[in-house]
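Participant: Return atomic coordinates for the entry below.
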Amino acid sequence: MLDVPFRSAKQLAADIRKKKIGCLELLDLYLSRVEKHDGKLNSIVVRDFDNARKRARAADRALARRQAWGPLHGVPMTIKESYDVTGLPTTWGVPAYKGRIATRNAVAVDRLLGAGAVLFGKTNVPLYLADWQSFNAIYGTTNNPWDVARAPGGSSGGAAAALAAGLTGLEAGSDIGSSIRNPAHFCGVYGHKPTWGIVPRTGQALPWQMAPVDIDVVGPLARSADDLAIALAAMAGPDEIETAGWQLRLRPPRQKRLRDFKVALMLDAPEIPVDRTVQARLQALADFLGRQKAKVDDRARPAMDTGEAFSVYVKLLRAATSDRQSDADFDKNVGIARGLSPGDESYYARATRAAVLSHRDWLAANEARHRMRLAWAEFFTRYDLLLCPVAGTAAFPHDQKGERYDRTLTVNGKRVPVTDHLFWAGYTGASYLPSTAAPCGFTPAGLPVGVQIVGPQYGDLTCLAFARLLEREFQAFVPPRGYA
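Facilitator: Numbers count the residues shown, from 1 in each chain. Next up, the predicted model:
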């Protein structure tokens, strides 16, 4: 079993119930590790240690009275900076919001506290949660514990770095462009992007937002698949305004063993190259599944064009985030979009057009998305899951120069746009599908690689069940060196 700081939240909760460790004792262990290790990581950027100690003492007293608060009773956790927590700042890394203090908790925060967690801090994000790195002018740069010269991913980069380094017991993030999945992949931990709409986003929003945002979800990150399931169970369910009309009942998995699964394998996509070091790990997983008598098909795909899928995703993604523009920015982008060549299909051109999309054109993109949803639904009548990359590379070196759409990274010896790798976020995410990112081994350079486990809409529990079996039989979380 892993040393205490690296154990799963489920194991920590069991240790507390069995009185192998006290709630305050466990919290103080993590707080001492934050003081020791986070200086070189800068992952936990908002700290609420005094209130956490009060809650941990209350948790110990409750347990002495044989009162358990829930499955996470006494488990110390942190949460992404973008979630509202009463009395703490919520800035999304935006300097203009530096003095913004939350007056109430996000719905997901209340639900995790209701499950018994002890919240002691918030973790770093990029500006507006819009990068696969985690740096901003308020809190600075977060480093990857596997190699501090590399990014931990984003936008839930602080969350994944803190988990991997054993600085916290559990985390929660958000995902519209792989912001849960990508950091999990870069840092060697687990993350689950739920089916769109099953976890309320209320309180994990920009100041003016109350309505759900297209594609965007909130969900857990952890060091085990069991923890994802526990946290998802706590977080999921209708928001207050919806409770009069519906209840959430996710389908339990039919499969009990790896051999019961029929999965499709996708190692790359046309014009979206994936580094051979990443493909090798996914192929190693496929070979292992074959030896376990699982059915693996490396040619099966839903009936859609991958190029169109990426185009529709970028259009819907940048339309969904277009409310961040001021009126002046919007007018400026209208002019830029009009001046673009009709044949310009660069990411910048697509994103700029989408930022000023007419409602008529949005409806057309939404119609195309719905046809893709139907294609995915048909695909999942024949296959239980799709296995594919989370991103085209393992964690890349810090690169904070210029705009994201101008940056490149190296894939198979060639420089390619960073934004190409949003394909793996949107291919399934635009259609509202659930995905679990799970450890899948390491590159020859020793960097973690994750696999993206995609299921049908509302098939979250099947994704998690498969991840749990992989954890037990193929690859579990491994702590990075230097954080004992």
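Participant: mean confidence for the longest helix along the chain?
Facilitator: Assignment by DSSP state H gives helix 359-379 as the longest helix of the chain. If you average the pLDDT over helix 359-379, you get 98.
Participant: can you start the count at 53 instead of 1 from here on
Facilitator: Understood, numbering begins at 53; the last thing we discussed is helix 411-431.
Participant: Pull out the buried positions in that helix.
Facilitator: 414, 417, 420, 421, 424, 425, 427, 428, 431 (16 or more other CB atoms under 10 Å). From N, CA and C alone the C-beta is placed, and that goes for glycine too.
Participant: Reformat those residues as JSON lines; add distance to residue 329.
Facilitator: What follows is the buried residues of helix 411-431, written out as JSON lines (distance: CB to CB, whole Å):
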{"residue": "414", "distance to residue 329": "38"}
{"residue": "417", "distance to residue 329": "34"}
{"residue": "420", "distance to residue 329": "34"}
{"residue": "421", "distance to residue 329": "32"}
{"residue": "424", "distance to residue 329": "30"}
{"residue": "425", "distance to residue 329": "33"}
{"residue": "427", "distance to residue 329": "31"}
{"residue": "428", "distance to residue 329": "28"}
{"residue": "431", "distance to residue 329": "28"}
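Participant: doesn't residue 281 make contact with residue 242?
Facilitator: No - using CB atoms under 8 Å, residue 242 makes no contact with residue 281, being 10.1 Å away.
Participant: between the two, who's got more neighbours?
Facilitator: residue 242 (30 against 23; other CB atoms under 10 Å).
Participant: Let me know the pLDDT of the more buried one.
Facilitator: Residue 242 is given a pLDDT of 99.
Participant: Return the distance of it relative to residue 503.
Facilitator: Per CB to CB, to the nearest Å, residue 242 is found 11 Å from residue 503.
Participant: So which other helices or strands are in contact with the helix or strand hosting residue 77?
Facilitator: Assigned by DSSP states H and E, residue 77 falls within helix 75-89. Helices and strands touching helix 75-89, by 3 or more CB pairs under 8 Å, 6 or more residues apart in numbering; DSSP states H and E, are helix 61-69, helix 101-116, strand 128-132, strand 170-175.
Participant: So which of those is nearest residue 153?
Facilitator: With CB to CB as the measure, strand 170-175 is the member of the helices and strands packed on helix 75-89 nearest residue 153 (12.2 Å).
Participant: Quick one: work out the angle between that closest one and strand 128-132.
Facilitator: Angle, strand 170-175 to strand 128-132, by axes from the mean of the first three to the mean of the last three CA atoms, to 10 degrees: 30 degrees.
Participant: State the mean pLDDT of the helix or strand following strand 170-175.
Facilitator: Downstream of strand 170-175, the next assigned helix or strand under DSSP H and E is strand 187-188. For strand 187-188, mean pLDDT is 98.
Participant: helix or strand right after strand 187-188?
Facilitator: strand 192-193.
Participant: Let me know the average pLDDT across that next one.
Facilitator: 98.
Participant: For that strand, give me every contacting residue.
Facilitator: With contact meaning CB atoms under 8 Å, 6 or more residues apart in numbering, strand 192-193 is reached by 94, 97, 176, 185, 186, 187, 450, 452.
Participant: Direction included, what does it pair up with?
Facilitator: The pairing partners recorded for strand 192-193 under DSSP bridges are strand 187-188 (antiparallel).
Participant: Distance from the partner strand to the middle of the chain?
Facilitator: 18 Å (CA atoms, centre = their mean, to the nearest Å).
Participant: who touches that strand?
Facilitator: Here strand 187-188 makes contact (CB under 8 Å, 6+ apart) with 143, 145, 146, 147, 176, 177, 178, 179, 193, 194, 450, 452.
Participant: In contact with the residue nearest the centre of the chain: list those residues for me.
Facilitator: What sits nearest the mean C-alpha location of the chain, by CA atoms, centre = their mean, is residue 232, with 0.9 Å. Contacts here follow CB under 8 Å, 6+ apart; on that basis residue 232 touches 208, 225, 226, 243, 244, 245, 269, 271, 273, 489.
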